[in-house]
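Visitor: Fold the stuff below for me.
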Amino acid sequence: MPLKFPVVSLATRCRKALSLATNRFEQSLLLDTLGSFFARTHEWDHAIRAWQLAPLAEPFRRDALSGIVKIHLACAFEAIESGLKALAELKQNPEFSLCLPGNDLQLTQGAEKELLKFKRGIEKVLPEKVRKDLGISSQRIDDPRPESGL
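Guide: So this is what the prediction gives:
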């Protein structure tokens, strides 16, 4: 007969261990582990909260502070992807607008160009591997940039 173990997540174990931590180093280690776990499982609010609680006087300060920034960049990246998708759909199915003919397309292209500029900037500081570690899907919106860029 196979043994059955209760399914206890890493987060649950770390939370229990955190209440038993005897010093700030142990707290820092556990909070960093929690932050990393939540970041990888796309529970970004929990990750940020764990890292915000981490004592900055301990060695994991860099992980905590850069983790928070990476999550905010990942949120911005996802917002850009969502915006690009909405603009692509708008180009496929244009709605009637109060704009003069042709102006609506120019407005859409201007918005798209600005989003792509932000996207390129984030891609430089948040490489694909890091985005993958943060749970950002590798399925991306087709990039309408020409090969030479904008």
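
Visitor: Tell me which other helices or strands the helix or strand of the chain with the lowest mean pLDDT touches.
Guide: In the chain, the helix or strand scored least confidently by mean pLDDT, DSSP states H and E is helix 10-20, which has a mean of 75. Identification of packing neighbours for helix 10-20 by 3 or more Cβ pairs under 8 Å, 6 or more residues apart in numbering; DSSP states H and E yields helix 24-40. No exception for glycine: its C-beta is placed from N, CA and C like everyone else's.

Visitor: Show me what the helix it packs on is in contact with.
Guide: Around helix 24-40, the neighbours that count as contacts under Cβ atoms under 8 Å, 6 or more residues apart in numbering are 10-11, 14-15, 17-18, 21, 44, 46-48, 50-51, 53-55, 57-61, 63-64, 67, 70-71, 133-135.

Visitor: Quick one: name whatever helix or strand follows the top helix by length along the chain.
Guide: Counting by DSSP state H, the longest helix found in the chain is helix 61-92. Past helix 61-92, heading to the C-terminal end, the next element that is a helix or strand (DSSP states H and E) is helix 103-125.

Visitor: Could you list the residues in contact with the helix or strand following that following helix?
Guide: On the C-terminal side of helix 103-125, the nearest following helix or strand under DSSP H and E is helix 128-133. Helix 128-133 has contacts (Cβ under 8 Å, 6+ apart) with 39, 40, 70, 74, 77, 138.

Visitor: Lovely, talk soon.
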